[in-house]
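**Student:** here is a sequence with its predicted model. Questions after.
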Amino acid sequence: TLNLMPMIEGLALGSALIIAIGAQNAFVLRQGLAGQHVFVVATVCFLSDVLLIGLGAGGVGTLIRTQPDILQGVAWLGTAFLFVFALRSFYRAYRPQTLAGTDVHGAQTSMGAAIGTALLLTFLNPHVYLDTVLVLGGIASRFDGWDRAFFAGGAMLASALWFYPLGFGAKKLRKYMNRPMTWRVIDSVIGALMLILSVSLAVAAWRGDF
């Protein structure tokens, strides 16, 4: 008989790990509010999770546990990137956005820049590896055969059920986002969040605490 419990467990655990305020989610939310490249950004985040969860379930998590220097290196890169991202957010707050997400000179985020930012926010965040490769991968190792595949599939489904509604749900709020002051607040909050995450990663990298 078909056992769906591993899939349900993967869906529940994946949801608990993915649905958290972080750099990746903040970026998807902002793109949704701006109505820019929402499907593409959500898909990049989803497929990134699919890749990482697949690697974890395939046993890569066990290998990474023996190489803590890898996570430490990623942490320092992530610290620098999030710090720069925070500065850019504060700069956007200084130059308020319009409803379409354009600045006072009419510049829009290109699709390539949006994809690149989504990839960097994903793969330069060591907590992504902790959640998807190590935690989910470690739990997946308890299952064999199809049960492991169903567990990983449930975790991947959780990612899809989060990123697409997050992006397109935010887009429905665009009619309330037609004031520059609103964008100033949004970008200030995102900048503060990125700065806090940057400091947190720096401390973790310094201590080697992963």
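**Tutor:** Arrived safely. Numbering: from 1, shown residues only.
**Student:** return the residues in contact with the closest residue in space to residue 88 that isn't next to it in sequence.
**Tutor:** In space, and not counting its chain neighbours, residue 88 is closest to residue 191: 7.9 Å by C-beta to C-beta, 6 or more residues apart in numbering. Using the backbone N, CA and C atoms, a C-beta is placed for each residue, glycine as well. By C-beta atoms under 8 Å, 6 or more residues apart in numbering, residue 191 lies in contact with 86-90, 92-93.
**Student:** just the ones of these in strands?
**Tutor:** Taking DSSP state E, every one of the contacts of residue 191 sits outside strands.
**Student:** most centrally placed residue in the protein?
**Tutor:** By C-alpha atoms, centre = their mean, the chain has its centre lying nearest to residue 24, at 2.8 Å.
**Student:** where's that residue, which helix or strand?
**Tutor:** helix 23-34 (DSSP states H and E).
**Student:** how about residue 14?
**Tutor:** helix 5-18.
**Student:** got a list of contacts for that helix?
**Tutor:** 49, 53, 131-132, 135-136, 139-140, 143, 147-148, 150-159, 161-162.
**Student:** ok so, going back, could you check how far the residue nearest to residue 88 is from residue 42?
**Tutor:** Remark: distance between residue 191 and residue 42 (C-beta to C-beta, to the nearest Å) = 22 Å.
**Student:** before we move on, back to that, among the contacts of residue 191, name the buried ones.
**Tutor:** The neighbour-count test (16 or more other C-beta atoms under 10 Å) marks 86, 89-90, 92-93 as buried among these.
**Student:** of these, just say which sits nearest to residue 74.
**Tutor:** residue 86 (18.1 Å; C-beta to C-beta).
**Student:** test my guess that the closest one contacts residue 198.
**Tutor:** Yes. Applying C-beta atoms under 8 Å as the test, residue 86 and residue 198 come out as touching, 6.2 Å apart.
**Student:** which residue ranges of this structure form helices?
**Tutor:** Taking DSSP state H, the helices of the chain run over residues 5-18, 23-34, 38-57, 60-65, 68-94, 111-123, 126-128, 137-140, 145-171, 180-207.
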